[in-house]
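# for reference, the sequence and a predicted model appear below.
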Amino acid sequence: MSEPTGDDAPTNVQAGDGWSAVIEDMEATATEYRERGWTTLELHPGDSVLVDSDRRTGLDVVLPGPEFEELESLVDDRQFRHVDVFRAGGDELVYLLVIEVAPESETAVFVPAYYDPSQTAETIESIREAGTVRLFCRRLNDDTVRFVHDDPAPFLPEPVE
């Protein structure tokens with residue numbers, strides 16, 4: 001299968017000032033978790049996009065190799081049963097801080113992300129209709145760690161009535 005092309009291809013966007021705020025919030029929140037004795041992993045995606053293709057539908061973030069390897073080793077022996085999602089708008093983008101939580105092992109993975117809702121209206125609707133959102137954390141070679149959540153609402157902008 002090939003990646004989407006033409007009208008189906010997600011548009012890469014440049015994150016604005018809101019991105020700095022998300023990274024600062026991630027660092028502060030991760031520090032709070034560490035002070036409580038939790039294991040934390042802060043990720044720094046090189047790209048973030050909402051995708052809807054034959055291969056994957058959901059939020060797709062591309063990670064540097066070393067961070068991906070750390071993530072892969074963390075998820076191997078832990079069950080991430082909870083998610084906290086902080087969403088904010090700005091610069092015409094939706095900014096997210098997703099915290100994947102494995103309560104039994106006191107481990108939290110912090111995934112900052114962003115996407116342009118004006119470029120992904122059909123994808124947003126598709127995710128709403130499915131009632132599930134997938135978070136794909138991947139490297140450029142397409143190795144992927146996937147988190148699946150049954151409530152997509154925190155990841156998406158408010159529906160327009």
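In hand now; what should we look at? Numbers count the residues shown, from 1 in each chain.

# can you give me the helices in the protein?
Listed in chain order, the helices found in the chain under DSSP state H are 17-35, 65-76, 121-130.

# and the second one, what does it pack onto?
Yep, that's helix 65-76 we're talking about. Packing partners of helix 65-76 (3 or more C-beta pairs under 8 Å, 6 or more residues apart in numbering; DSSP states H and E): strand 39-42, strand 107-115, strand 133-138, strand 144-149. Bear in mind the C-beta positions are built from the backbone N, C-alpha and C, glycine included.

# give me the contact list for stretch 145-153.
Residues from elsewhere that reach stretch 145-153 (C-beta atoms under 8 Å, 6 or more residues apart in numbering): 68, 71-72, 75, 80, 83, 98, 100, 127-128, 130-138, 155.

# recalculate using a threshold of 6 Å.
With C-beta atoms under 6 Å, 6 or more residues apart in numbering as the test, stretch 145-153 has contacts from 71-72, 75, 83, 100, 127, 132-137.

# need the max-distance pair from those residues.
Spatially, the most separated pair among those is 72 and 127, at 24.9 Å (C-beta to C-beta).

# look at the two and report which has more neighbours.
residue 127 (22 against 15; other C-beta atoms under 10 Å).

# skipping adjacent residues, who's closest to that one in space?
Leaving aside its sequence neighbours, residue 127 sits nearest to residue 152 (C-beta to C-beta, 6 or more residues apart in numbering; 4.9 Å).

# which phi and psi does that neighbour have?
The phi/psi pair for residue 152 (degrees, to the nearest 10) reads phi -80, psi -10.

# again, but for residue 77
Dihedral angles (degrees, to the nearest 10) for residue 77: phi -120, psi 20.

# contact partners for it?
Contacts of residue 77 (C-beta under 6 Å, 6+ apart): none.

# gap between it and residue 106?
Distance, residue 77 to residue 106, by C-beta to C-beta, to the nearest Å: 13 Å.

# same check on residue 115?
30 Å.

# ditto for residue 40
Distance from residue 40 to residue 106, by C-beta to C-beta: 10 Å.

# the two - which one has more neighbours?
Neighbours were counted for residue 40 and for residue 106 using other C-beta under 10 Å; residue 40 has more, 19 against 14.

# tally of neighbours for the residue lying closest to that one once chain neighbours are set aside?
Leaving out its chain neighbours, the residue that sits closest to residue 40 by C-beta to C-beta, 6+ apart is residue 30, at 4.6 Å. The number of residues packed near residue 30 is 19, by other C-beta under 10 Å.
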